[in-house]
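> A predicted structure for the sequence below; I have some questions about it.
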Amino acid sequence: MADLGDHHRLFLQSLMCRKICSAPETEELYHTCCRNFDIEVNGELSQNINSINKHIKPLHMEIRKGLAEDTGMQYYALVNTTESSISRLSSDYSSADLELFKKILEKVVLADNGVISSMVVLNLTHELEKRMSKKEAEHLLARLVEDKWLIQEEGEISLSPRTLIEMDKYLKEMFGENLQTCLMCKQIVLKGKSCKDCQIKLHGHCANRCFQGRGRAQCPRCGCDWPDHSPQQITGV
């Protein structure tokens with residue numbers, strides 16, 4: 001850290017405390033840290049982050065970028081590169097909590113649309129080796145949402161950008177061929193649609209960009225008509 005300035009240190013500490021920030025929030029955070037030390041901001045956010053990453057790489061840390069599957073919004077998180085996120089969580093969550101979290105990850109990844117109901121989560125308590133009541137599971141679910149590991153909307157549970165960024169390696173190792181990456185953005189895609197012919201998968205927002213301005217939505221690999229994607233959906237991007 002000797003080669004980093006005070007504004008860099010403040011930025012890293014702030015990003016760590018926030019756990020994850022959207023790209024606009026990250027940029028504003030960096031600018032605020034620079035202003036606190038009367039440092040002039042030079043270059044784009046990505047350039048500054050690349051520069052910081054070069055300095056913190058020997059410390060086995062990295063600022064990584066990912067996206068929200070629903071919107072395509074970019075997010076940044078500070079990641080420890082030497083240990084899995086699951087092992088790091090052991091200091092904050094009990095072994096029973098982590099067992100349930102792993103089962104939630106499995107159910108979401110293997111779901112066709114990348115979401116499961118909160119009722120499915122509560123019913124997972126019957127599959128745990130260590131006993132957990134449904135009330136305890138409800139509290140854990142709320143905590144995982146509050147800590148930004150999961151998203152809960154209208155009774156549906158999905159993986160947050162934080163999980164997709166910090167657990168990228170873990171998810172790929174655990175689920176292998178069951179885990180697809182979007183042909184366009186090369187990020188993990190759970191919420192998305194697949195070509196009925198060649199089986200490639202795209203996020204909805206990536207499909208919108210891919211098909212924008214075209215009269216017909218066709219698979220970018222095989223040319224087959226893309227499922228459930230009308231020209232009206234395309235023009236609104």
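Done, it's in.

> State the distance from the spatially most distant residue from the centre of the chain to residue 193.
Most distant from the centre of the chain: residue 38, at 33.1 Å, with distances by Cα atoms, centre = their mean. Separation of residue 38 from residue 193 (Cβ to Cβ, to the nearest Å): 50 Å. Just so you know, the C-beta spots here come from the backbone N, C-alpha and C atoms, and that holds for glycine as well.

> now residue 120
22 Å.

> for the residue farthest from the centre of the chain, helix, strand, or coil?
With DSSP: H, G, I helix; E, B strand; the rest coil as the basis, the three-state label of residue 38 is coil.

> quick one: it from residue 149, how far?
For residue 38, the distance to residue 149 (Cβ to Cβ) stands at 37 Å.

> how about low-confidence regions in this protein?
1-2, 84, 229-237 (pLDDT under 70).

> got the residue ranges for the strands in it?
For the chain, strands defined by DSSP state E occupy the ranges 21-22, 61-67, 74-80, 116-117, 150-153, 156-159, 180-181, 188-189, 193-194, 201-202.

> Reformat the ones you listed as a markdown table; add mean neighbour count and distance to residue 108.
Shown next, in a markdown table, are those (neighbours: other Cβ atoms under 10 Å; distance: least, Cβ to Cβ, whole Å):
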| stretch | mean neighbour count | distance to residue 108 |
| --- | --- | --- |
| strand 21-22 | 18 | 22 |
| strand 61-67 | 19 | 16 |
| strand 74-80 | 20 | 18 |
| strand 116-117 | 17 | 6 |
| strand 150-153 | 17 | 8 |
| strand 156-159 | 20 | 6 |
| strand 180-181 | 15 | 13 |
| strand 188-189 | 25 | 11 |
| strand 193-194 | 17 | 17 |
| strand 201-202 | 22 | 15 |
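
> got the contact list for residue 194?
180, 200-201, 227 (Cβ atoms under 8 Å, 6 or more residues apart in numbering).

> If anything else comes up later, I'll come back, but that's it for now.
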